[in-house]
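*Asks:* from the sequence below, what's the structure:
(2 chains)
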There are 2 protein chains.
Amino acid sequence: MTSRLPEALCNALRTLFRQRFSQGESTRLQHGRDESVHQPQMPDGVVLAENIEEIVSTVKLCAAHGVPLIPYGVGSSVEGHVLAPGGGISLDLSGMNQVLAIHAEDGDATVQAGVTRKQLNDALKGSGLFFPIDPGADATIGGMAATRASGTNAVRYGTMKDNVLATTTVLADGRVMKTGGRARKSSAGYDLTRLLVGSEGTLGIMAELTVKLYPIPEAISAAVCTFPDIESAVQTVIQTIQLGVPVARIELLDALSLKAINQFSKTTLAEAPTLFFEFHGSPAGVEEQAETVQAIAGDLGGANFEWATRPEDRTRLWQARHDAYFACLQLKPGCRCFPTDVCVPISRLAECIAETNEDIAQVSIPIALFGHVGDGNFHLVVLVDPDNIKEMEEAAWISRRVVERAIAMEGTCTGEHGIGLGKRKYLVAEHGEVAVEVMRAVKRALDPAGLLNPGKVLP
Amino acid sequence: MTSRLPEALCNALRTLFRQRFSQGESTRLQHGRDESVHQPQMPDGVVLAENIEEIVSTVKLCAAHGVPLIPYGVGSSVEGHVLAPGGGISLDLSGMNQVLAIHAEDGDATVQAGVTRKQLNDALKGSGLFFPIDPGADATIGGMAATRASGTNAVRYGTMKDNVLATTTVLADGRVMKTGGRARKSSAGYDLTRLLVGSEGTLGIMAELTVKLYPIPEAISAAVCTFPDIESAVQTVIQTIQLGVPVARIELLDALSLKAINQFSKTTLAEAPTLFFEFHGSPAGVEEQAETVQAIAGDLGGANFEWATRPEDRTRLWQARHDAYFACLQLKPGCRCFPTDVCVPISRLAECIAETNEDIAQVSIPIALFGHVGDGNFHLVVLVDPDNIKEMEEAAWISRRVVERAIAMEGTCTGEHGIGLGKRKYLVAEHGEVAVEVMRAVKRALDPAGLLNPGKVLP
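*Replies:* Numbering: from 1, shown residues only, chains lettered A, B, ... in the order given. So this is what the prediction gives:
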């Protein structure tokens, strides 16, 4: 297939970017797919930008030619955010990987959008600070902001919504906008930073971000505890949160997830419903939290409380947790994952998971369940062969059921993955027609030509 | 002066609201002034709404007649938010004072916009939960959300930005929009809740809000500590925050503020630079935090660490702190306050306060300094006779100087009061032309006729 791009645009991009503008099939394919089951939809070309000026030039050229522009980080999205249903240019920001400033005394850092979370934490070594937001993949800070990502630490440290202080954003017409600032709070005008966080590249392209950092706790301890059934594990979570224990991480994994982790990470964890905990604080505080949680778990049948106190044991444990998604994919060679990601008020969590497990019992495909249950957020890793119609139908049924259940329980169709292409059909069910009309009005106000990541978020 | 309102509008409002629509001078004056130095600007009429349907009717009538509409809570704003520079209808929501739901197990409550923070906390008695956001006045939850308010607990519990989960909002054309939800996190679409929080009634009228609640800590202790100078008090704050001590409140008051408090609240506190602390946690955790902070303060010359452990002593202490604004007003009978409210990165706080004190030494008017310094946020209570031109000029000079200084230090012109009328002139200096143009575009998208609280926020 030859490019649908206007020749004048291609010439201009070639002149500006040389080797960093590509129309090659493999580059386009790499930028037209994500980590999920969505069928690849390739862009017509890929630009690797290295600074804001290059983003501005690309945005202005695309605007002049009416060509869509799709920001791209590392492609770890699971809702089709980086796909190019209408073609256009994929703007790869992975080369914008400079940590621009670390203000240790204020607890913030300014990074280019292509810096990944692990890269930022590496740059923070020796500062006594860390950046807590940790989706499973080593995603870029820009991508994480765009999808309002979170992860295992969100129950204590919040999501990207809570941790982006400021952005430098390129608008649809190429103007460069600063939003927010380094003050810890402000009542100065509309919260454009929060409007951009979660906008999935549809309102502007975040080029630089200032994020909050946190002191590395004096003491950290982690533990694993197995339960006779999911229900008792979930009840342990609910009681822990309702007691106000400031737990840093509290993660649920079902037996199938544990089996996948053991195979993938060479661990020997019990293959039963399990909670992973982490406690942050002073040595005495951590001990106190751990005792409280251990008592709750004990009352509910939790057994084999195993502690990981050495840093290397903790790292191994949490690496295993972060690899759970990839570990599950290995359960069925060649499969892809049909993503699900719901979040409900915690009082409904046990019921939501129980009803979901009844659905799971009715289908033939393997489905693992795990999640950040301290926030009421859980995922199903639904393993399918995308070419098998029956499996895809089963996956779609499971996904629709769990989303509709979550919305009926006053929850959300996506806790942390975003809407992308995959969840657009639920946006009205969750927010109502009026809110979605207002979202459309905001989109028109900021991107009247509709060229920034078209087809995403809005149904 | 007779009303500028169209007779047809008055007739319709009279039919709908009877005694709850008023054009009386005293009601209009009460709704056309706030707690600050701004000259009153009266609306042409006042409507007391009691439910969402009545807000919708009023909005639709005002839209049909092209008449401005200004939401009103208890009038405790200090930046002119409730004034009516273009006349119109003041929509008083204080009658919408029902706590609609308390979900203790999920830690949230849904209230009508006119519920005040004290009313909500009264309703929570016995639930084991509290709502922490506490501006000085007993403001409404709606007004606090509209101005993105915070207060003494923000260093631990965040601001209204962090604590509003959902809203039911009446748009400029009378449509009713739901935003957000009760899930603790969501990546589903644009964050319209955060767009409304801090929009000061210019994008929509928040009629109902769901806010986060927190478990009342097992242990609370409060303390007062005096310092030889402001510098050592500020250094104590900076070191406390940088160490990551999870202090719940850390408030600075200068000697003049203490004098005012003693006179107003009949306390006998030392009239010197003072920090007020509060620690929340387990008994052991609170003791540990207190020891750490006491050691920091001791090293910096802090003396007379006085503890308030009994609840009634703590309440008296914090009531005195909350009354500081009104106490200062009594220092100069008949005066008004010229509000200031800046916030800077904490590494710049000592320098910002020191330079500000040099300015204060150069003017004749009394100026007290206090604030939520754990966030880098402080206020000057600048006491003026509004009819005295020299005093007003001095106040304007002080205010402009401290705002320009804060912005130059990467801070904000308002940490928690909002922009209103008073700070519009600084919006471009803080955010730049492009961000302010985008704010205008968002305003046009949501309120094309410009009838919702016109003249506020945007310069």
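*Asks:* ranges for the helices of the stretch 301-450 of chain A?
*Replies:* Secondary structure of the stretch 301-450 of chain A (DSSP state H, counting those that start in this stretch): helices at A:311-322, A:324-329, A:349-360, A:389-408, A:427-446.
*Asks:* so what's the most centrally placed residue in chain A up against?
*Replies:* Central residue of chain A (CA atoms, centre = their mean): A:A149, 3.7 Å from the mean position. Neighbour list for A:A149: A:I133, A:P135, A:A139, A:G143, A:T159, A:M160, A:E416, A:G418, B:S187 [criterion: CB atoms under 8 Å, 6 or more residues apart in numbering or on different chains]. Using the backbone N, CA and C atoms, a C-beta is placed for each residue, glycine as well.
*Asks:* make sure the fifth one is actually in contact with A:E416.
*Replies:* Yes - applying CB atoms under 8 Å, one finds A:T159 in contact with A:E416, separated by 6.9 Å.
*Asks:* mutual contacts of these two, please.
*Replies:* Shared contacts of A:T159 and A:E416, counting by CB under 8 Å, 6+ apart, come down to A:R148, A:A149, A:S150, B:K185.
*Asks:* assess the claim that A:T274 and A:K259 are in contact.
*Replies:* No - at 11.0 Å, A:T274 does not count as touching A:K259 under the criterion of CB under 8 Å.
*Asks:* between the two, which is the more surrounded one?
*Replies:* Using other CB atoms under 10 Å in any protein chain shown as the criterion, A:T274 and A:K259 rank with A:T274 on top: 26 against 19.
*Asks:* if we can go back for a sec, relative to A:N453, which of the shared contacts of A:T159 and A:E416 is nearest.
*Replies:* Proximity of these to A:N453 (CB to CB) peaks at A:R148, which lies at 14.7 Å.
*Asks:* and for that closest one, the neighbour number?
*Replies:* Neighbours around A:R148, by other CB under 10 Å: 30.
*Asks:* need the shared contacts of A:T159 and A:E416 in CSV with pLDDT and distance to A:D229, can you?
*Replies:* Shown next, in CSV, are these (pLDDT from 0 to 100; distance: CB to CB, whole Å):
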residue, pLDDT, distance to A:D229
A:R148, 98, 32
A:A149, 98, 30
A:S150, 97, 27
B:K185, 97, 26
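*Asks:* tell me the one of the residues you listed nearest A:A172?
*Replies:* A:R148 (20.2 Å).
*Asks:* and the closest one, what does it touch?
*Replies:* A:T159, A:M160, A:K161, A:V197, A:G198, A:E416, A:G418, B:K185, B:S186, B:S187, B:D191.
*Asks:* would TSV of these with distance to A:G180 and secondary structure be doable?
*Replies:* Listed next are the contacts of A:R148 as TSV, based on distance: CB to CB, whole Å; DSSP: H, G, I helix; E, B strand; the rest coil:
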residue	distance to A:G180	secondary structure
A:T159	16	coil
A:M160	13	helix
A:K161	12	helix
A:V197	10	coil
A:G198	14	coil
A:E416	21	coil
A:G418	21	coil
B:K185	20	coil
B:S186	21	coil
B:S187	19	coil
B:D191	13	coil
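*Asks:* relative to A:L349, which of those residues is nearest.
*Replies:* B:K185 (13.2 Å).
*Asks:* surely the closest one meets A:D341?
*Replies:* No - B:K185 is beyond contact range of A:D341, at 10.4 Å (criterion: CB under 8 Å).
*Asks:* related to what we said a few turns ago, chain B is nearest to which of the helices of the stretch 301-450 of chain A?
*Replies:* helix A:427-446 (3.9 Å; CB to the nearest CB).
*Asks:* remind me what the closest one packs against, helices and strands.
*Replies:* In this structure, helix A:427-446 makes packing contacts with helix A:389-408, strand B:176-180, helix B:192-196, helix B:427-446, judged by 3 or more CB pairs under 8 Å, 6 or more residues apart in numbering or on different chains; DSSP states H and E.
*Asks:* isn't A:T236 up against A:Q294?
*Replies:* No - shown here, A:T236 and A:Q294 do not form a contact pair, counting by CB under 8 Å, at 9.9 Å.
*Asks:* what touches both of these two?
*Replies:* The contact lists of A:T236 and A:Q294 share A:C225, A:G302, where a contact means CB under 8 Å, 6+ apart.
*Asks:* the more surrounded of these two?
*Replies:* Ranked by neighbour count (other CB under 10 Å), A:T236 and A:Q294 place A:T236 first, with 26 against 17.
*Asks:* so A:G201 sits against A:A146, correct?
*Replies:* Yes - with contacts defined as CB under 8 Å, A:G201 counts as touching A:A146 at a distance of 5.3 Å.
*Asks:* tell me the one among the contacts of A:A149 nearest to A:S94.
*Replies:* Of these, the one sitting nearest to A:S94 (CB to CB) turns out to be A:G143, at 9.6 Å.
*Asks:* give me phi/psi at that closest one?
*Replies:* Taking degrees, to the nearest 10, you get phi -60, psi -40 for the backbone angles of A:G143.
*Asks:* now do stretch A:37-50: distance from first to last residue.
*Replies:* Across its full length, stretch A:37-50 reaches 30 Å between end residues, using CA to CA, to the nearest Å.
*Asks:* now do stretch A:324-337
*Replies:* 12 Å.
*Asks:* again with stretch A:133-141
*Replies:* 9 Å.
*Asks:* now that stretch: buried residues?
*Replies:* A:I133, A:D134, A:P135, A:G136, A:A137, A:A139, A:T140, A:I141 (16 or more other CB atoms under 10 Å in any protein chain shown).
*Asks:* which outside residues touch it?
*Replies:* A:35, A:73-74, A:76, A:93-94, A:111, A:113-120, A:144, A:149-154, A:157, A:159-160, A:163, A:209, A:211, A:322-326, A:416.
*Asks:* which residues does A:F305 contact?
*Replies:* Contacts of A:F305 by CB under 8 Å, 6+ apart are A:A223, A:V224, A:C225, A:Q294, A:A297.
*Asks:* one more time with 6 Å, if that's ok
*Replies:* A:A223, A:C225, A:Q294 (CB atoms under 6 Å, 6 or more residues apart in numbering or on different chains).
*Asks:* TSV for the residues you listed, including secondary structure and distance to A:I360?
*Replies:* Listed next are the contacts of A:F305 as TSV, based on DSSP: H, G, I helix; E, B strand; the rest coil; distance: CB to CB, whole Å:
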residue	secondary structure	distance to A:I360
A:A223	strand	27
A:C225	strand	23
A:Q294	helix	30
